[in-house]
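J.: Quick one, structure for this:
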Amino acid sequence: MKSLILCEGFDDMYILGYYLHKTDEWNRKNDIKISQLYDFPKVHFRNQGIEVYERGDEILAIWCVGGKDSFEESFKFLKRINENHPEEGFEKMFILTDRDDLEIKECLKVIEYQMQKCGLIIKDLENNHCNRLEYEVENEIYKLDIMPVIIPFDQTGALENVLIEAIRCTCEEDKLIVEKAEEYVDKLAESDIIDSYLKNPRQVLKSKFSSVISITNPDRSTALFNSLLMTHPWEEKQEIVKHFKIFNEVLNKISKTYME
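T.: Prediction:
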């Protein structure tokens, strides 16, 4: 049983891998291939990453494609594999992506359009839900379940907004740290003196999150950022569970079905 998670960047991949390992005992096994018949293509040479996880006989690949503009090439790959090797293809595909400044419905329309360009014809996608696509190969009907997870659910923004909110809601002390870090970065961004840094809203958001992470983990503030990122028990934070629980629900449903 193979499942695929598409995401934009490395932080998404690290956080998801950590979360699924902690909550559902998925174990990273990068020494194994997803299949003996194919491998993942390079869709973005600088910013692509792939981690393979295993739980019993189930295999899960988390594919950081290097940005939402690269999703289209990933859809082409999935369609080609599922048509040429249906018995070795993917039955579940999650698409984790930031909504940025768009409404979720607008993001869904973009995903639908990208998929349709690749021959994956599906309409009326729902966010944070299972959407089923049926396709035929040699007179056999196969099913692909597609789960867009466009975040945050309750505001515009990106993964960092979800992580910041998770820390903010932990306790009064963490709430104060978040508020002061946001205030500090905003003051710098609005200063007439700063020209070389904090040039756009994305950089401002990432700086706020990095500041919060460093303050709440001062002893490890010089560690590689992905290691620093994993110092928080994200699996215990309700804001993270709210946004990621569909991964638990769908993947655990697969496990139960597979065992029956």
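J.: Model confidence score at the closest residue to Tyr18 other than its chain neighbours, please.
T.: Distances taken as C-beta to C-beta, 6 or more residues apart in numbering place Met230 nearest to Tyr18, at 5.4 Å, with adjacent residues excluded. For glycine as for every other residue, the C-beta is placed from the backbone atoms N, C-alpha and C. Model confidence at Met230, given as pLDDT, is 74.
J.: can you pull out the strands in the stretch 51-200 of the chain?
T.: Taking DSSP state E, counting those that start in this stretch, the strands of the stretch 51-200 of the chain run over residues 58-64, 92-98, 131-137, 140-151.
J.: Just name the most buried of these.
T.: With neighbours taken as mean count of other C-beta atoms under 10 Å, the strands of the stretch 51-200 of the chain reach their highest mean count in strand 92-98, at a mean of 24.
J.: among the strands of the stretch 51-200 of the chain, where is the model least confident on average?
T.: Among these, strand 131-137 carries the lowest mean pLDDT (a mean of 91).
J.: Tell me which other helices or strands the helix ranked longest in the chain touches.
T.: Of all segments of type helix in the chain, defined using DSSP state H, the longest is helix 238-259. Counting contacts by 3 or more C-beta pairs under 8 Å, 6 or more residues apart in numbering; DSSP states H and E, helix 238-259 packs against strand 2-7, helix 10-24, strand 58-64, strand 92-98, strand 140-151, helix 159-168.
J.: And for Cys169, the neighbour number?
T.: 13 (other C-beta atoms under 10 Å).
J.: Can you get me a residue count around the closest residue in space to it that isn't next to it in sequence?
T.: Excluding the flanking residues, the one nearest Cys169 by C-beta to C-beta, 6+ apart is Glu239, at 5.9 Å. For Glu239, the neighbour count with other C-beta under 10 Å is 21.
J.: From His232, how far off is Glu239?
T.: 12 Å (C-beta to C-beta, to the nearest Å).
J.: who touches both of these two?
T.: Common contact partners of Glu239 and His232 (C-beta atoms under 8 Å, 6 or more residues apart in numbering): Ala166.
J.: does Ile59 have beta-bridge partners, and which?
T.: On the basis of DSSP bridges, Ile59 is bridged to Lys2, Glu54.
J.: these two touch, right, it and Leu4?
T.: No. If you go by C-beta atoms under 8 Å, Ile59 and Leu4 don't touch, sitting 9.6 Å apart.
J.: mind putting the helices and strands packed on helix 238-259 in CSV, distance to Val185 included?
T.: Formatted as CSV, the helices and strands packed on helix 238-259 follow (distance: least, C-beta to C-beta, whole Å):
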stretch, distance to Val185
strand 2-7, 25
helix 10-24, 18
strand 58-64, 26
strand 92-98, 19
strand 140-151, 21
helix 159-168, 11
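J.: of all those, which lies closest to Ile213?
T.: Ranking the helices and strands packed on helix 238-259 by proximity to Ile213 (C-beta to C-beta) places helix 159-168 first, at 8.2 Å.
J.: Check what contacts that closest one and list those residues.
T.: Applying C-beta under 8 Å, 6+ apart, the contact partners of helix 159-168 are 11-12, 15, 98, 151-152, 155, 174-175, 177-179, 182, 205-206, 208-209, 212, 216, 232, 234, 237-240, 243.
J.: What of stretch 41-61?
T.: With C-beta under 8 Å, 6+ apart, stretch 41-61 has contacts from 1-5, 9-10, 13, 17, 20-21, 24-30, 32-34, 40, 62-67, 70, 73-74, 77, 251, 254-255, 258.
J.: likewise stretch 29-37?
T.: Against stretch 29-37 from outside (C-beta under 8 Å, 6+ apart): 2, 39-40, 51-54, 59, 61, 85, 88.
J.: do the same with stretch 199-214
T.: 157-158, 160-161, 163-164, 167, 177-178, 181-182, 184-186, 189, 197-198, 221, 225, 228-229, 231-232.
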